[in-house]
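Peer 1: Give me a model of this one.
(one chain, ligands or ions: 2)
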Amino acid sequence: MANPAAAAAPEQSAKAKKYPYYIEKPLEEGRVKQFLDIFAAILRHSNYKPLLDIYSRVVTRCARCAGGCQIYQATGDPEDIPCYRSNLLLGVYRRHFTLGGWLRGRILGDPGLQESTIDEMLDAFYHCTGCRRCNLECPMGLDHGLVMRLARNILSEMGIVPKALLVSVREQLQGKTANTSAIPAPAMMDTCEFLEEELADLTGQKIHFPIDREDVEYVFFPAVSDYLLEPDTLMGNAAVLYAAGDQDNWTIGTKYFDGINYGLFYNDAILGRIVEKEIAEVRRLRGKKILIGECGHASRSAKAFVPTFNGGEAIPVVSIQEYTFNALEQGKITLDPNAVTETVTYHDPCNLARSGWIVEQPRKILKSFVKNFVEMEPHGAENYCCGGGGGTVSLDEVHDYRMKVVGKIKAEQMRATGAEIIVAPCANCKKQLKELVDYYKIPATVVGLHDLILRAIRFPEKNGAATSEETYEAGEIKENSPVSV
Ligand code: SF4
Ligand code: SF4
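Peer 2: Ligands and ions are numbered 1, 2, ... in the order given. This next block holds a predicted model:
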């Protein structure tokens, strides 16, 4: 298969195995045995087996899944058909973990898993973004995103995981800062103070980012990278909480304040350990709910897995978009219907829409204050992935692949809307879409949902309301930020 990412792959010595992304300690020997041993152990200690029994029978029957995958649509390469990719793993399952496969080995001499298949998996399972769009097409309900995760899980237990993902998770789980961006708690608090000052200038209101407050309703976990890259989003979040009357009812914990969970992308055990950290911080502060900031995979990993790892009664998980939607529906916040006159479109993060529960809420919010709202086609649960899903947006070494192949359809979608502003309520999607807009020279700005809300939100007169003339342009605050860690 032609590999468009090959040019960007890290240099390897002639004798070394070729890995398509940076690996901390590339494995050179004994990969087949390790792969099979780890696969066997995972099957013993999980409930994947009944699912794989079914999947390994139905895969590669009709190839309808091809129509759903934006990678196949971009390349037309049969090896990019989802079921072909999944069959790399399911074929190993069939041959090594079923009676039929055992007989095949004994009678036909099928040697089973080979090094070359592992080489193929290294590429294939990090090309797939786990967007699960192919699932919409499969009449048998085969979840290729899940197969991709299992394959990555096995590889990661062998030490084969992109360095960018490994290093950030290590800092989150074992490092001093306990977050993926390695931001020390004092730097996070400095940033919050700075944002409070900005908000006072912009709105005339005393809007706070409460730190380590106990017995509150919401403990807040944004994608921690927002403190470095998306201050507008954070200010919008705080402004809504303030306007809705919850100024004293939310907090950011200093022991753990990162919503990112890369475990969702490559390792179930790590996924669980990160979720447990969120739960522990909420318990420490005796909070009642987990409030996740604008981030697709952070929302999905908490919503889907807090009940699994909570023990006892699960702490409810709320996305900031849900929160804002409810506040608007209940009349707790006021958004100026004339605030935004540019043409605006909305990108559905896969983990919020197709694999989540948030499709209509942000649209209703946007339509209440955006005069010219246009949809991408398709959109909602059928929307295309930004092209950087599954953690691949963090891998600079596959930048060309993300632009030229996986993100190609997304770029065409964005351009076709003619929108001047593209709203993407997810830290990962925003990064990928900004790179796409730049790469394809699309005349649009990519912002978070709450960045725009900050332009539209109005406060009661008695508190010294911001007037329309004082409205804030998203993206204005970029200089003098104290965040430098
Ligand atoms: S659409 Fe489903 S049944 Fe058809 S080949 Fe793909 S995975 Fe198999
Ligand atoms: S999950 Fe997304 S990227 Fe992966 S095979 Fe399916 S459609 Fe393609």
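
Peer 1: CA only for contacts and neighbour counts going forward, please
Peer 2: OK.

Peer 1: D348 is in what secondary structure piece?
Peer 2: Secondary structure assignment for D348, by DSSP states H and E: no helix or strand.

Peer 1: same thing with A411?
Peer 2: Taking DSSP H and E as the definition, one finds A411 inside helix 408-417.

Peer 1: List of residues touching the next helix or strand after that helix?
Peer 2: Under the assignment DSSP H and E, the closest C-terminal helix or strand after helix 408-417 is strand 421-423. By Cα atoms under 8 Å, 6 or more residues apart in numbering, the surrounding residues in contact with strand 421-423 are 342-347, 414, 444-449.

Peer 1: after strand 421-423, next one along is what?
Peer 2: Past strand 421-423, heading to the C-terminal end, the next element that is a helix or strand (DSSP H and E) is helix 427-439.

Peer 1: And that next one, what's buried?
Peer 2: Residues of helix 427-439 classed as buried by neighbour count (16 or more other Cα atoms under 10 Å): 427-437.

Peer 1: can you check stretch 70-87 too?
Peer 2: Those buried within stretch 70-87 under the rule 16+ other Cα under 10 Å are 70-73, 75, 80-87.

Peer 1: Name the residues that touch the longest strand anywhere in the chain?
Peer 2: Ranked by number of residues, the top strand in the chain under DSSP state E is strand 340-346. Counting contacts by Cα under 8 Å, 6+ apart, the residues outside strand 340-346 that touch it are 363, 369-376, 417-424, 452, 455-456.

Peer 1: now these: which count as buried?
Peer 2: A residue is treated as buried here by neighbour count (16+ other Cα under 10 Å); on that basis the buried members of these are 363, 369-371, 373-376, 417-424, 452, 455-456.

Peer 1: what's the following helix or strand after the host helix or strand of S301?
Peer 2: Counting by DSSP H and E, the element that carries S301 is helix 296-310. Moving toward the C-terminus from helix 296-310, the first helix or strand encountered (DSSP H and E) is strand 317-319.

Peer 1: Run me through the strand neighbours of that following strand, direction for each.
Peer 2: strand 289-292 (parallel) (DSSP bridges).

Peer 1: Tell me the buried residues in the strand it pairs with?
Peer 2: Under the neighbour-count rule (16+ other Cα under 10 Å), strand 289-292 has 289-292 buried.

Peer 1: from the chain's centre, how far out does that strand sit?
Peer 2: Between the centre of strand 289-292 and the centre of its host chain there is 16 Å, according to Cα atoms, centre = their mean, to the nearest Å.

Peer 1: Give me the mean pLDDT for that strand.
Peer 2: Taken as a whole, strand 289-292 has a mean pLDDT of 98.

Peer 1: right, and G387 touches R402 too?
Peer 2: Yes. Applying Cα atoms under 8 Å, one finds G387 in contact with R402, separated by 5.8 Å.

Peer 1: which one of the two has more residues nearby?
Peer 2: Counted by other Cα atoms under 10 Å, G387 and R402 do not tie: G387 has more neighbours, with 30 against 27.

Peer 1: if I look at the residue lying closest to the more buried one once chain neighbours are set aside, how far off is ligand 1?
Peer 2: Closest residue to G387 in three dimensions, ignoring its sequence neighbours and counting by Cα to Cα, 6 or more residues apart in numbering: G407, at 4.2 Å. G407 sits at a distance of 22 Å from ligand 1 (criterion: Cα to the nearest ligand atom, to the nearest Å).

Peer 1: how far is the helix holding S301 from where the chain is centred?
Peer 2: In terms of Cα atoms, centre = their mean, the centre of helix 296-310 is found 12 Å from the chain centre.

Peer 1: Show residues contacting that helix.
Peer 2: Contacts made with helix 296-310 from outside it, assessed by Cα under 8 Å, 6+ apart, are listed as 222-223, 259-261, 264, 271-272, 275-276, 279, 292-293, 313-319, 349-352, 355-356, 425-428.

Peer 1: My reading is that I365 lies in a strand. Confirm?
Peer 2: No. Residue assignment for I365, taken from DSSP: H, G, I helix; E, B strand; the rest coil, gives helix, which places it outside any strand.

Peer 1: What segments of the chain are strands?
Peer 2: If you assign secondary structure with DSSP E, the strands in the chain sit at 218-221, 250-251, 289-292, 317-319, 334-335, 340-346, 370-374, 421-423, 445-447, 457-458.

Peer 1: same for the last one, what does it pack against?
Peer 2: Just to be clear, that refers to strand 457-458. When contacts are defined as 3 or more Cα pairs under 8 Å, 6 or more residues apart in numbering; DSSP states H and E, strand 457-458 packs onto strand 334-335.

Peer 1: What is the burial count for the closest residue to I81 other than its chain neighbours?
Peer 2: Here the nearest residue to I81 in space, its sequence neighbours aside, is A66; by Cα to Cα, 6+ apart that works out to 4.9 Å. When counting by other Cα under 10 Å, one arrives at 23 neighbours for A66.

Peer 1: how close does the residue most central in space within the chain sit to H399?
Peer 2: Closest to where the C-alpha atoms of the chain average out (Cα atoms, centre = their mean) is H297, at 3.4 Å. Spatial separation of H297 from H399 under the definition Cα to Cα, to the nearest Å is 20 Å.

Peer 1: residues from the protein in reach of ligand 1?
Peer 2: The chain has residues 58-65, 83, 137-140, 142 near ligand 1, with proximity defined as Cα under 6 Å from any ligand atom.

Peer 1: mind listing which of those residues are in helices?
Peer 2: Among those, DSSP state H puts 58, 83 in helices.

Peer 1: Pull the residues that contact stretch 44-60.
Peer 2: Residues from elsewhere that reach stretch 44-60, judged by Cα under 8 Å, 6+ apart: 43, 83-84, 86-87, 90-91, 93-94, 140, 142.

Peer 1: now do stretch 66-84
Peer 2: With Cα under 8 Å, 6+ apart as the test, stretch 66-84 has contacts from 1, 59-60, 63, 65, 85, 124, 128, 133-137, 144, 384, 405-406, 408-409.

Peer 1: Report back the residue of the protein that's furthest from centre.
Peer 2: Going by Cα atoms, centre = their mean, no residue of the chain lies farther from its centre than I107, which is 45.6 Å away.

Peer 1: Pull the contacting residues for it.
Peer 2: Contacts here follow Cα under 8 Å, 6+ apart; on that basis I107 touches nothing.

Peer 1: Can you give me the distance of it to ligand 1?
Peer 2: 27 Å.

Peer 1: what do you get for V423?
Peer 2: In this view, V423 and ligand 1 are 31 Å apart by Cα to the nearest ligand atom.

Peer 1: Could you check how far that residue is from ligand 2?
Peer 2: Here the criterion is Cα to the nearest ligand atom. By it, V423 lies 21 Å from ligand 2.

Peer 1: Just the buried residues out of the contacts of stretch 66-84, in ChimeraX syntax.
Peer 2: Per 16+ other Cα under 10 Å, the buried members of the contacts of stretch 66-84 correspond to this ChimeraX selection:
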select :59,60,63,65,85,124,128,133,134,135,136,137,144,384,405,406,408,409
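
Peer 1: near ligand 2, from the contacts of stretch 66-84?
Peer 2: Of the residues in the contacts of stretch 66-84, proximity to ligand 2 by Cα under 6 Å from any ligand atom holds for 128, 133-134, 144.

Peer 1: Give me the buried positions along stretch 114-125.
Peer 2: By neighbour count, with 16+ other Cα under 10 Å as the criterion, the buried positions of stretch 114-125 are 118, 121-125.
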